[in-house]
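*Asks:* I need the structure of the sequence given here:
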Amino acid sequence: MSNTWFTSDTHFGHEMVARLRGFESSEEHDAAIVANWNRAVKPDDIVWHLGDVGMGQASKFFPVLALLNGTKHLITGNHDAVWPGHRDSHKHQAKWLAYFDSVQAFAKRRVNDETVLLSHFPYYGDHTVEARHTQFRLRDEGAWLLHGHTHSKEKLGPFMGPVVLFGGEPSPRGRQVHVGLDAWELMPVSLGAIAGLIS
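*Replies:* Prediction:
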């Protein structure tokens, strides 16, 4: 039986992120991320990667992707050449589909019988002073959102006031879970852990 995992912001080949995470080099960082990933994820598991796979030319970090267990689906991030916020993203689809079973800007899944959205970007927040790429963020209409991008150690939030759509019952806004490596000890997070957070 396969398990489902979520992660984001692996940033393979990214020297600055490697140093921020306490590694001497991107090679050391990447080896640790691969070891952590493969310790958790089995070959027949499913992984949803919520963007920012690597830095620089994809051909430099594609070999690392080939080392990772699981069937991988990509929700593109702003550092990915295939992200639709880049003018020539369509030119990269075929190459990225050699390493990911699907490549898309966002997705919808079910967790605990609830609709959960997947996006690289949170509804609210960033790792800079102001929120960037706002035109590429999903609108908060009360559904839970799994996201990356922030590099925060916080797993949940921020939570906002309720929203009422089309005269219905108030629905809580800002229900977002950060699945990035920085919040989960540089490991993918399991569907079970996500289900426990949003129950």
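
*Asks:* ok, the residue at minimal distance from the centre of the chain - contacts?
*Replies:* Most central in the chain under C-alpha atoms, centre = their mean is residue 50, positioned 2.2 Å from the mean C-alpha point. Contacts for residue 50 (C-beta atoms under 8 Å, 6 or more residues apart in numbering) come out as 6-9, 75, 77, 118-120, 146-148, 179-180. C-betas here are computed from N, CA, C, even on glycine.

*Asks:* if I pick the nearest residue to it once chain neighbours are set aside, what's in contact with it?
*Replies:* Closest residue in space to residue 50, ignoring its immediate chain neighbours: residue 8 at 3.6 Å, by C-beta to C-beta, 6 or more residues apart in numbering. Listed by C-beta under 8 Å, 6+ apart, the contact set of residue 8 reads 49-52, 75, 77, 120, 147-149, 179-181.

*Asks:* let's go with 10 Å and repeat that
*Replies:* Residues near residue 8 by C-beta atoms under 10 Å, 6 or more residues apart in numbering: 48-53, 74-75, 77, 118-120, 146-151, 178-184, 188-189.

*Asks:* Give me the pLDDT value at it.
*Replies:* pLDDT, residue 8: 98.

*Asks:* Next, give phi and psi for it.
*Replies:* Main-chain torsions, residue 8, degrees, to the nearest 10: phi -160, psi 170.

*Asks:* oh, and call the first residue 10 from now on, that's how I've got it
*Replies:* New numbering, starting at 10: the last item is residue 17.

*Asks:* Tell me how far it lies from residue 127.
*Replies:* The gap separating residue 17 from residue 127 is 10 Å, by C-beta to C-beta, to the nearest Å.

*Asks:* Any idea how many residues pack against residue 36?
*Replies:* If you count neighbours by other C-beta atoms under 10 Å, residue 36 ends up with 14.

*Asks:* just checking, it touches residue 70?
*Replies:* No. Using C-beta atoms under 10 Å, residue 36 is not in contact with residue 70, being 11.0 Å away.

*Asks:* so what's in contact with those two at the same time?
*Replies:* Overlap of the contact sets of residue 36 and residue 70 (by C-beta under 10 Å, 6+ apart) consists of 21, 22.

*Asks:* Need the distance between the two termini of stretch 110-127.
*Replies:* Taking C-alpha to C-alpha, to the nearest Å, stretch 110-127 runs 16 Å from one end to the other.

*Asks:* buried ones in that stretch?
*Replies:* Neighbour counts over stretch 110-127 (16 or more other C-beta atoms under 10 Å) mark 112, 114, 115, 116, 118, 120, 125, 126, 127 as buried.

*Asks:* now for the residues you listed, which pair is the farthest apart?
*Replies:* Based on C-beta to C-beta, the longest span within the buried residues of stretch 110-127 runs between 112 and 120 and measures 21.7 Å.

*Asks:* Show me which positions of the top helix by length along the chain end up buried.
*Replies:* Longest helix in the chain, counting residues (DSSP state H): helix 35-49. Buried residues in helix 35-49, counted by 16+ other C-beta under 10 Å: 35, 38, 39, 42, 43, 45, 46, 49.
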